[in-house]
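**Student:** below are the sequence and a predicted model for it; my questions follow.
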Amino acid sequence: MPVEIDISHVARLARLRLSPDELELYGRQCRELLEHVARIQAVDTEGVEPTSHPLPMTNRFRDDRVTPETVLNRDEVLGQAPSSEGEFFRVPPALEDD
């Protein structure tokens, strides 16, 4: 199923200056691509469920459990920070007033 495309018109719309050889090359490539898309569109998909992935996917979550081993010591963590103030990390301002 041949698909016709005026590649010089497309190039003009895209503000591209193409040589005659480039026009022929890109025209052939665009026709091949559009013919491939037309073949895909011709496939009968009636009754086929839409999907974003060909295989079933499930998330694997772990239980979120707080234990003494998973809780960090505040003083130890703040001690590793470049700068802290009281119980908080001190960071440079994201926006400064001029």
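**Tutor:** Noted; the coordinates are in hand.
**Student:** for the helix ranked longest in the chain, name the packing helices and strands.
**Tutor:** Of all segments of type helix in the chain, defined using DSSP state H, the longest is helix 20-41. Under the contact criterion of 3 or more CB pairs under 8 Å, 6 or more residues apart in numbering; DSSP states H and E, helix 20-41 touches helix 7-13. Using the backbone N, CA and C atoms, a C-beta is placed for each residue, glycine as well.
**Student:** pull out the buried residues from the longest helix of the chain.
**Tutor:** L23, Y26, G27 (16 or more other CB atoms under 10 Å).
**Student:** repeat that for stretch 73-89.
**Tutor:** L78, S84.
**Student:** end to end, how far does it reach?
**Tutor:** Length of stretch 73-89, first residue to last, CA to CA, to the nearest Å: 14 Å.
**Student:** what sits closest to R74 if chain neighbours are left out?
**Tutor:** E87 (6.8 Å; CB to CB, 6 or more residues apart in numbering).
**Student:** roughly how far apart are that neighbour and N73?
**Tutor:** When CB to CB, to the nearest Å is the yardstick, E87 and N73 sit 12 Å from each other.
**Student:** same question for H36.
**Tutor:** 61 Å.
**Student:** low pLDDT regions in the chain?
**Tutor:** Low-confidence segments of the chain, defined by pLDDT under 70: 1-3, 98.
**Student:** contacting residues for the residue nearest to S8 when sequence neighbours are not counted?
**Tutor:** Once flanking residues are discounted, S8 sits nearest to L23: 5.7 Å by CB to CB, 6+ apart. By CB atoms under 8 Å, 6 or more residues apart in numbering, the contact set of L23 is I7, S8, A11.
**Student:** count of residues packed around the last one?
**Tutor:** A11 has 16 neighbours, counted by other CB atoms under 10 Å.
**Student:** who are the contact partners of it?
**Tutor:** Neighbours of A11 in contact, by CB under 8 Å, 6+ apart: R17, L18, L23, Y26.
**Student:** no further queries at this time; thank you.
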